[in-house]
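Q: Fold the stuff below for me.
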Amino acid sequence: MMCDWPEPIVRVQSLSENCENKIPDRYVKPPTDRPLEAILSVHDNVNIPLIDLRSISDDISSGHDHGLDNTLKEISEACREWGFFQVVNHGVSPELMDSAREVWREFFHQPMEVKQGYANSPKTYEGYGSRLGVEKGAVLDWSDYYYLHYLPPCLKDHNKWPALPPSLKDVIEEYSAQMVKLGGRIMKILAINLGLDENCLLKAFGGDNNIGTCLRVNFYPKCPQPDLTLGLSSHSDPGGLTMLLPDQYVSGLQVHKNDNWITVKPAPHAFIVNIGDQIQVLSNAIYRSVEHRVIVNSVKERVSLAYFYNPKSDLLIQPLKELVSPEKPALYESMTFDEYRTYIRTKGPRGKSQLGESQKSPR
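A: Sure, this is the predicted structure:
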């Protein structure tokens, strides 16, 4: 892993404020990757599934009723058909969700010299960043971001969390604790729907005390030529589970399904949940991570918070033995999440090319 970026970093927010009607060539995507060149969904009623979690208690195994069974079924179908779903009545307060989003919006509007004090490097990506991958001369995405660790405790360093706005650290501490709790509940649901013990996936991730969780805050500035670029290139998430708090005013996330790019319409105070590559491996491709990307807007900025729920970095991840049989042999070789993540961080977002799907194909 490189210790520094191959080229000087340019903040996209600064470009947005200073480039009048034209974006730099470094951000112009090839014609096949541009938003308006792709096949877009034209059906206003098409959206990822919306699922109400009010029937899911912390102790899922305490007994099933009709409401719980229906919710489990809805999530199972969403995981198998989409790899994405939205959840409401998830246990995180709407006020906390709004506060978390807005403290980060305030951070991105701090003076540049304040933000530059948290500039990141390719070594860990933690801090204030503006590119993914270390390929020199790569076409870049129209976004800035902030990445920070929460779990395991040994990686959490409050000195790397912004000091401004003053409320940010307390808000994100509370928000992170709630997101870890929600992630654990969803992991149990996924395990039950695979016919496994409810704690099976959590154990494969290292158990409650060993999982890795981190936050990536995405800032997508206004763009004068949104038809030529992307806020985030097409990719599947390399980790286990992603819970996204989208911008409440501006849509931008697109999910790839049946050769269409479907723009997700966020429900009020919902989280968008998606399967990551590590869950695809553990489930032996019963659940699949799905390509997604982000488009940008010419008149409005966007802020979203992606919370990643990941395996312990040095654990070998491979298809669970309960899901492997002579009829369906293991599709993936074992690899630690740290090895896998290093590969992704080096290459940057590249569709699903990182996850080979031939039998015993190394990731």
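Q: Would you mind listing where the stretch 201-350 of the chain has pLDDT under the threshold?
A: Residue ranges of the stretch 201-350 of the chain with pLDDT under 70: 344-350.
Q: Go ahead and name everything in contact with the strand or helix carrying residue 128.
A: Assigned by DSSP states H and E, residue 128 belongs to strand 127-129. Strand 127-129 is contacted from outside by 9, 115-116, 118-121, 144-148, 160, using C-beta atoms under 8 Å, 6 or more residues apart in numbering. For the C-beta atoms, the positions are set from N, CA and C on the backbone; glycine is no exception.
Q: Columns secondary structure on top of those, output as JSON lines?
A: Output for those, formatted as JSON lines (DSSP: H, G, I helix; E, B strand; the rest coil):
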{"residue": "9", "secondary structure": "coil"}
{"residue": "115", "secondary structure": "helix"}
{"residue": "116", "secondary structure": "helix"}
{"residue": "118", "secondary structure": "coil"}
{"residue": "119", "secondary structure": "strand"}
{"residue": "120", "secondary structure": "coil"}
{"residue": "121", "secondary structure": "coil"}
{"residue": "144", "secondary structure": "strand"}
{"residue": "145", "secondary structure": "strand"}
{"residue": "146", "secondary structure": "strand"}
{"residue": "147", "secondary structure": "strand"}
{"residue": "148", "secondary structure": "strand"}
{"residue": "160", "secondary structure": "helix"}
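Q: Helices along the chain, start to end?
A: Here the chain has its helices, by DSSP state H, at 12-18, 66-81, 94-108, 112-116, 168-193, 200-204, 277-282, 337-347.
Q: what is the mean pLDDT for the second one?
A: Summarised as a single mean, pLDDT over helix 66-81 is 92.
Q: on contacts alone, who are the packing partners of that helix?
A: On a contact count with 3 or more C-beta pairs under 8 Å, 6 or more residues apart in numbering; DSSP states H and E, helix 66-81 meets strand 50-52, strand 84-88, helix 168-193.
Q: Tell me who's in contact with residue 91.
A: Contacts for residue 91 were tallied using C-beta under 8 Å, 6+ apart; they are 53, 178, 181-182, 185.
Q: go on, residue 208?
A: 184, 202.
Q: repeat for residue 90
A: By C-beta under 8 Å, 6+ apart, the neighbours of residue 90 are 53, 182, 270-271.
Q: mind running it again at 7 Å?
A: Residue 90 makes contact with 53, 182, 271, according to C-beta atoms under 7 Å, 6 or more residues apart in numbering.
Q: Repeat that for residue 111.
A: So residue 111 contacts nothing (C-beta under 7 Å, 6+ apart).
Q: ok, residue 165 touching residue 106?
A: Yes: Residue 165 is within contact range of residue 106, at 4.5 Å (criterion: C-beta atoms under 7 Å).
Q: Just give the closest residue to residue 256, not the sequence neighbours.
A: The spatially closest residue to residue 256, leaving aside those adjacent along the chain, is residue 291, at 4.2 Å (C-beta to C-beta, 6 or more residues apart in numbering).
Q: got it, and residue 4?
A: Counting by C-beta to C-beta, 6+ apart, residue 4 lies nearest to residue 121, which is 5.7 Å off, once chain neighbours are set aside.
Q: pLDDT at the one you found, what is it?
A: On pLDDT, residue 121 comes in at 94.
Q: burial of it, as a residue count?
A: Residue 121 has 16 neighbouring residues, counting by other C-beta atoms under 10 Å.
Q: thought it was touching residue 130?
A: No: with contact defined as C-beta under 7 Å, residue 121 and residue 130 do not form a contacting pair (12.0 Å).
Q: quick revisit: would CSV of the helices and strands packed on helix 66-81 with mean pLDDT, distance to residue 331 and mean neighbour count be doable?
A: Putting these into CSV (pLDDT from 0 to 100; distance: least, C-beta to C-beta, whole Å; neighbours: other C-beta atoms under 10 Å) gives the following:
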stretch, mean pLDDT, distance to residue 331, mean neighbour count
strand 50-52, 97, 27, 18
strand 84-88, 98, 21, 22
helix 168-193, 97, 18, 19
